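Student: Just need the structure, nothing else, for what follows:
(chains A and B)
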Amino acid sequence: DTAVSQTPKYLVTQMGNDKSIKCEQNLGHDTMYWYKQDSKKFLKIMFSYNNKELIINETVPNRFSPKSPDKAHLNLHINSLELGDSAVYFCASSQDHGTGNTIYFGEGSWLTVV
Amino acid sequence: AQSVTQLDSHVSVSEGTPVLLRCNYSSSYSPSLFWYVQHPNKGLQLLLKYTSAATLVKGINGFEAEFKKSETSFHLTKPSAHMSDAAEYFCVVSTDSWGKLQFGAGTQVVVTP
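Tutor: Alright, predicted model coming up:
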């Protein structure tokens, strides 16, 4: 009965590889997000989708590509992984976009690039 | 523009004593404010939120926060710390119509027996 679930939880991969992190929410929410938490625990938004449409696209390298096949899923694909991509990636969702909406986070995906 | 400043990067308290985590924000518009908690190797859990209703907001696990517009503050308190409160706490502001959250740098809480 997990609200926002993401897989894998841990991922260790070599530089140059391509990897994906999957996210699903069963809350019936319209809006989904990807946040990145760096080694100093600072969290920053990367992308947001509302009903499968991209609404927030922060300054993120083109190697990162989100894909939303339906409003319950938002996957993150990363090409040509670099050492600096090592971080925790959090998927999240909210009823809709807009200030005041509670955003529910997944458990995080720990990505280590070696 | 919006921003959040958590005034303490690290707070250490004894079990059973009060906890105070300080947060100041800046925002051009009426903000929504949140406190999230992150336990080690876990995701973020919402403790409480303020969205222009009552200025004193009660959350889960005995936490509460008071919105003070004149001081642009949203400090988090708990009267009596428990060992399970040891975690990282994030003050968060949202004024963006797209739902973008601005996170503070976090405050690590250590609870000693």
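Student: quick one: low-confidence parts of chain A?
Tutor: A:1-2 (pLDDT under 70).
Student: And the strands in chain A?
Tutor: A:4-7, A:10-13, A:19-25, A:31-37, A:43-50, A:53-57, A:64-70, A:73-78, A:87-94, A:104-105, A:109-113 (DSSP state E).
Student: Take these and lay them out in a markdown table including distance to chain B and mean neighbour count.
Tutor: Any C-beta I mention is one placed from the backbone N, CA and C, and that applies to glycine too. Output for the strands of chain A, formatted as a markdown table (distance: least, C-beta to the nearest C-beta, whole Å; neighbours: other C-beta atoms under 10 Å in any protein chain shown):
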| stretch | distance to chain B | mean neighbour count |
| --- | --- | --- |
| strand A:4-7 | 8 | 20 |
| strand A:10-13 | 10 | 14 |
| strand A:19-25 | 12 | 19 |
| strand A:31-37 | 6 | 25 |
| strand A:43-50 | 4 | 22 |
| strand A:53-57 | 5 | 14 |
| strand A:64-70 | 15 | 15 |
| strand A:73-78 | 13 | 20 |
| strand A:87-94 | 6 | 24 |
| strand A:104-105 | 4 | 21 |
| strand A:109-113 | 8 | 18 |
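Student: between these, which gets nearest to residue B:11?
Tutor: Of all those, strand A:43-50 sits nearest to residue B:11, with 18.9 Å by C-beta to C-beta.
Student: Give me the sheet partners of that closest one and which way each runs.
Tutor: Within its sheet, strand A:43-50 is paired with strand A:31-37 (antiparallel), strand A:53-57 (antiparallel), according to DSSP bridges.
Student: Thank you, goodbye.
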